[in-house]
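Enquirer: The following block contains a protein sequence and its predicted model.
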There are 4 protein chains.
Amino acid sequence: MRKNRISFSSDYTKGAHPKVLERLMETNFDQYDGYGTDEICKSAADRIKKICGCENGDVFFLVGGTQTNQTIIDMLLEPYEGVVAADTGHVAAHEAGAIEFAGHKVLTIPCIREQMRDGAALYADSIGKIKAADVKQLISNFYSDANHEHMVFPGAVYISHPTEYGTLYSNKELTEISEVCREYNIPLFLDGARLAYGLMSSRTDVTIQDIAELTDVFYIGGTKVGALFGEAVVFPHGVPVKHPVPIIKQHGALLAKGWILGLQFDTLFTDGLYYEMGKNAIRMAEALRRGLEEKGYRLFIDSPTNQQFIIIENDRLEKLSEHVGYGFWEKMDENHTVIRLATDWATTEEDIKTLMDYM
Amino acid sequence: MRKNRISFSSDYTKGAHPKVLERLMETNFDQYDGYGTDEICKSAADRIKKICGCENGDVFFLVGGTQTNQTIIDMLLEPYEGVVAADTGHVAAHEAGAIEFAGHKVLTIPCIREQMRDGAALYADSIGKIKAADVKQLISNFYSDANHEHMVFPGAVYISHPTEYGTLYSNKELTEISEVCREYNIPLFLDGARLAYGLMSSRTDVTIQDIAELTDVFYIGGTKVGALFGEAVVFPHGVPVKHPVPIIKQHGALLAKGWILGLQFDTLFTDGLYYEMGKNAIRMAEALRRGLEEKGYRLFIDSPTNQQFIIIENDRLEKLSEHVGYGFWEKMDENHTVIRLATDWATTEEDIKTLMDYM
Amino acid sequence: MRKNRISFSSDYTKGAHPKVLERLMETNFDQYDGYGTDEICKSAADRIKKICGCENGDVFFLVGGTQTNQTIIDMLLEPYEGVVAADTGHVAAHEAGAIEFAGHKVLTIPCIREQMRDGAALYADSIGKIKAADVKQLISNFYSDANHEHMVFPGAVYISHPTEYGTLYSNKELTEISEVCREYNIPLFLDGARLAYGLMSSRTDVTIQDIAELTDVFYIGGTKVGALFGEAVVFPHGVPVKHPVPIIKQHGALLAKGWILGLQFDTLFTDGLYYEMGKNAIRMAEALRRGLEEKGYRLFIDSPTNQQFIIIENDRLEKLSEHVGYGFWEKMDENHTVIRLATDWATTEEDIKTLMDYM
Amino acid sequence: MRKNRISFSSDYTKGAHPKVLERLMETNFDQYDGYGTDEICKSAADRIKKICGCENGDVFFLVGGTQTNQTIIDMLLEPYEGVVAADTGHVAAHEAGAIEFAGHKVLTIPCIREQMRDGAALYADSIGKIKAADVKQLISNFYSDANHEHMVFPGAVYISHPTEYGTLYSNKELTEISEVCREYNIPLFLDGARLAYGLMSSRTDVTIQDIAELTDVFYIGGTKVGALFGEAVVFPHGVPVKHPVPIIKQHGALLAKGWILGLQFDTLFTDGLYYEMGKNAIRMAEALRRGLEEKGYRLFIDSPTNQQFIIIENDRLEKLSEHVGYGFWEKMDENHTVIRLATDWATTEEDIKTLMDYM
């Protein structure tokens, strides 16, 4: 935390929603059983299952994103199977090889190269997403290869929603991917590290109930949406392994004081707080976008969620960086850079105003 | 948390020291860089290194115990090496195979069988500990075997202090183990999940500076001593791998909001809070022990730390369990059970009194 | 190979039975499909299944012992499971951590310490073996532990027959172990690297059909019994994984020219050659034993198979080593050493005579 | 092996060069020490090191290709590193995830898409190869990414020579890749499963000495060039791990009767037999190519080695398959298929003639 500065570099720069901290204070000297066997975890899981419409599902609370991706994928796959993902997917690109560390290949579908509009600076809204047709092609190519027993079997499909580029699947797109997965009996896993910011977008037709219906497992991100940390993993149709606990523990993902995770999600899913926080980030992102467009900034991606990407001249960026934290995304050309500005559950209108004064 | 009940089942049944929560409140809307690169982590690391007398060491903040053990051991070992440990050691017995999941064998030194006094109900204070002579024997046996390249190389030595049975190494014992390790150039790793309760025992001559001097890596437990969660890993003579961060991330142990770990340890190591909390648990354990002895309970182990073990008749235990949470340890015989009662940083004299009324 | 020397150091010091080489010569320029999909592998598998009385079973041909143990155990276990074995078992002691490399713990049953007769130099015939009661104890202890989800699940039982010490299970012992495994629904795996030398012992009541009936998987060793290399893995009741081929390939165990394995086993299982070779080694081992006893050597283990163990004075051993290759086993005391002398499928009476002249 | 048929499906359909079998016969009852510690392995290693001009190097004999790739890559990489390879590379595409099973990511450089000539049916000679510039780009992109500690480090570069498409690196191309690797201190690994067929091409300027100079490790394929099985791994500048044997054993790659591997390579590297066999396959491939061109077949790739690829009408292919074994490569379009025809060390002019009569 640096003085005289404001940061929009990411959505995990602040602590937790005050209601989460209040509840931590209130329960601090109560005594709970460990490892998620307590009653608050049960309450949180029940709330989530009810909201998702999957009363017979299973819910687990893990600590962080990479850990969660690794653990879930390891639960879904046989040793000779890999996970299908966009080459821009977090599991493919930014987890230090955690998926391979656990023994599995990421079978990538090219995403960037294909999807940049020729001659246009603006990425299509499809950046970061995979298409049902591409998934089907990959799976059917695999099975039509006479030597496929010498290759890695596609054993699960990973998507993120919102994606790493802030884009969203439509209900139709999600349904199509789900149908391909079910046709081949391959589980579909949705990484919802930023789920609230997808659900509350003004440009989405996907609800959490849709996700529970169309996927085999997804997680509801807490780290980036109002929790100190924590991801709630939902298997809407039941967990597919006989003993999930030792698997979670082997992956270093079983928190001793599990109730601290349960307590956070129990709070987030009381009185619609999770949605409310999502809505705030979206409102602020829209204000941010309007402000940027008014100032003449060129958008890099047409993002409907809390991450906004702009193209900025290097000189201007250098000045900006004295007062504003931003996420470096990539070099555009010799004189321009792409940066990310992310709003979150706690961003205020005042913050946007401050930022705009610097831009 | 159940009403009309008190629990001494473990030392991780409550939240965090109020000062930790206060600091979380104060900094909640400040913005920090992620993954432990922030200034609070730096401050906490500096405090710890200063206290330990290892200014040139390296400190990392991880989330939980099993995760920490797995990550450290993986950092220390070549692929063909295993870790030497007591067969009662946490890494050998109670981590769901996390060490093997990361590819390494635990080379065990028998501990229980050897160390129970013949004909005596009371475990010697050596239970849970390994001896320098046994470590030396294991290593020299290995190297004297002509076929040792077909066996698992002893590549690190793991000890816990206090042990899983509440016992402590003396300075002499620790020095001897350290000497064997250095003779064979094998790193010594001390699991300090309950370190405060060892350092503050009235029956120890081991300081944190001794540990920093005699080991190659150890960790200072937060989960069981006043933090919501977190373990501070100290490499007093420097971390032995070139890139620790991706290794930590691969093990799912890199917390996004790393400053929450730093903040907790920065608080625990301000004004001697960590020691004070340790002292409280010890004082309460001594009161507990006196109370138990007065009531005629037979101790199972002569433990100098916060975990006390007694032998209790099954009938009496059944009644007790209506009001008191305890840790089941093992069956003693048909009519008796061994249970653990653990005090912690927050146990009060009132708690002990309440417990004693039920016993 | 050294001139003016004879070696009894192990049973894998020579090439292959001449009939194997003849068949290699005959088929050398025929063309076969790769990876074990050829017709000779099919023929060999059919012969083996017929002999074992398991026509609905599955047979795979792998290259070597450690590889085979690792691959089978990985097929049998869930990620959170370990394999139960004697602490003297090959998988526990002499495979450079190959089982742990593949992510699994070996859950050992102490064998040596327990089974040495007090005050006697001679090991009981139980050395190297585990008992049904000990397996049952280990499994039931596991399930009766309230925290067993934090421990490694016993997921398979490994035994070797003959054991690493040349000893054999009786039909009754094998049946009892099998019953315990079936009671708990845990597969039983028998390592038959030296199977012929067990089946042909004059002191066994166990047939290959018994093994096929009582185990879930076993292998018929070729490397030590007349093949250049190769182990035939038999799942008498069917292989328990959907896609064994990619698992075998991942473990580096899928030979490109798989028919070379098939051809060897097809030859070994034509006209009883495998049994005949076993018989030869046993006859020679009995002659060896008589000779040793006549010369007054003290046996270390009462071994009914091709590996014989004696206690010899160090001076005498030094002289012996000028002309005879032997296996160093362990130091007995300051002045004595335990050595192994192994016969094999190709040992001749002349060899025994030559050896006896040197002893 | 099917009657009235000839197969050009691959270069591993026959046994071994008769001289290999003769030597097996001659030495069959000699006795050798196990695990490659014998004198024939030493002799073979010495011959290879002398021929390669790397007397201070290290040589190991492993059994098969996937096993060798997995073991070498595991020796070269830190846990957080991956291996750079063409997306068509054997390690990326056809090893059932063996590299990931051992914990490492394959960092792929797109090869097919980039390198097909627009509008041309004929693949450029660059198919299957990576370029120094692309390797440099990948590595420098990695290091210039501020978050690269959250990504997989490029830790080794894998190339095959000949490639999976029969193409060859020029000395210039190889030198350039080697220079990039040395600039970044990243080892270069060359898979020579078909090395003889590259070295003996009439269109190469790369010698085995060049390879020993320019790479850090490579292997000389035996399985596809006159051995029953076996790959000779050469570390021309020394093996980079302290204990290679347990690593080899953990990967199931340590053959008990190691001398059988040594013996084969000792024979192949006596009197230039390895080169002679390579030459034969090349001569036959050239005759095959001439024959195909005369018959008007369209080549798919301009391959200078023993694998030839043609485009054939589906009707014609169906007829052909009654008498000729071929390798299915891929569908070209609705009516055409790409097939591979491979010659080998034992292909005769008579075989080519027979084939041509059927084509």
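Expert: Thanks, I have the structure now.

Enquirer: mind checking the SS state of residue A:16?
Expert: Classification of residue A:16 using DSSP: H, G, I helix; E, B strand; the rest coil returns coil.

Enquirer: show me the contacts for it.
Expert: Counting by C-beta atoms under 8 Å, 6 or more residues apart in numbering or on different chains, residue A:16 touches A:226, A:227, A:228, A:264, B:24, B:28. The C-beta positions use only the backbone N, C-alpha and C, and glycine is treated the same way.

Enquirer: and the gap between residue A:137 and chain C?
Expert: 21 Å (C-beta to the nearest C-beta, to the nearest Å).

Enquirer: ok, back up a step: go through the contacts of residue A:16 and flag which are in helices.
Expert: Of the contacts of residue A:16, the ones assigned to helices by DSSP state H are A:264, B:24.

Enquirer: out of the contacts of residue A:16, which are buried?
Expert: Among the contacts of residue A:16, those scoring as buried are A:226, A:227, A:228, A:264, B:24, B:28 (criterion: 16 or more other C-beta atoms under 10 Å in any protein chain shown).

Enquirer: Tell me how many other residues surround residue A:240.
Expert: Neighbour count of residue A:240, defined by other C-beta atoms under 10 Å in any protein chain shown: 13.

Enquirer: Wait, a strand at residue A:146?
Expert: No. Residue A:146: not assigned to a strand; according to three-state DSSP it is coil.

Enquirer: Nearest to chain D: which residue in the stretch 151-300 of chain A?
Expert: Using C-beta to the nearest C-beta, residue A:152 is the residue of the stretch 151-300 of chain A that sits closest to chain D, at 4.2 Å.

Enquirer: quick one: contacts for residue A:66?
Expert: Residue A:66 is in contact with A:90, A:95, A:96, A:98, B:249, B:252, B:254, counting by C-beta under 8 Å, 6+ apart.

Enquirer: okay, those in TSV with secondary structure next?
Expert: Listed next are those as TSV, based on three-state DSSP:
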residue	secondary structure
A:90	helix
A:95	coil
A:96	coil
A:98	helix
B:249	helix
B:252	coil
B:254	coil
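
Enquirer: Least confident secondary structure element in chain A?
Expert: helix A:112-115 (a mean of 50; mean pLDDT, DSSP states H and E).

Enquirer: how close does residue A:256 get to residue B:223?
Expert: 5 Å (C-beta to C-beta, to the nearest Å).

Enquirer: what touches both of these two?
Expert: B:12, B:64, B:65, B:229.

Enquirer: Out of the residues you listed, which is nearest to chain C?
Expert: Set against chain C, the nearest of the shared contacts of residue A:256 and residue B:223 by C-beta to the nearest C-beta is residue B:65 (11.1 Å).

Enquirer: how many other residues sit next to the single nearest residue of the stretch 151-300 of chain A relative to chain C?
Expert: Relative to chain C, the nearest point of the stretch 151-300 of chain A is residue A:246 (3.7 Å; C-beta to the nearest C-beta). As a burial measure, residue A:246 scores 26 neighbours (other C-beta under 10 Å).

Enquirer: again with residue A:271
Expert: Other residues near residue A:271 number 10, with proximity taken as other C-beta under 10 Å.

Enquirer: what helix or strand is it on?
Expert: Using DSSP states H and E, residue A:271 sits in no helix or strand.

Enquirer: what's the pLDDT at it?
Expert: Looking at residue A:271, its pLDDT is 97.

Enquirer: likewise the one 10 residues further on?
Expert: We have a pLDDT of 98 for residue A:281.

Enquirer: what kind of secondary structure is the closest residue to chain D within the stretch 201-350 of chain A in?
Expert: Closest approach between the stretch 201-350 of chain A and chain D, counting by C-beta to the nearest C-beta: residue A:328, at 6.0 Å. Under three-state DSSP, the three-state class of residue A:328 is strand.
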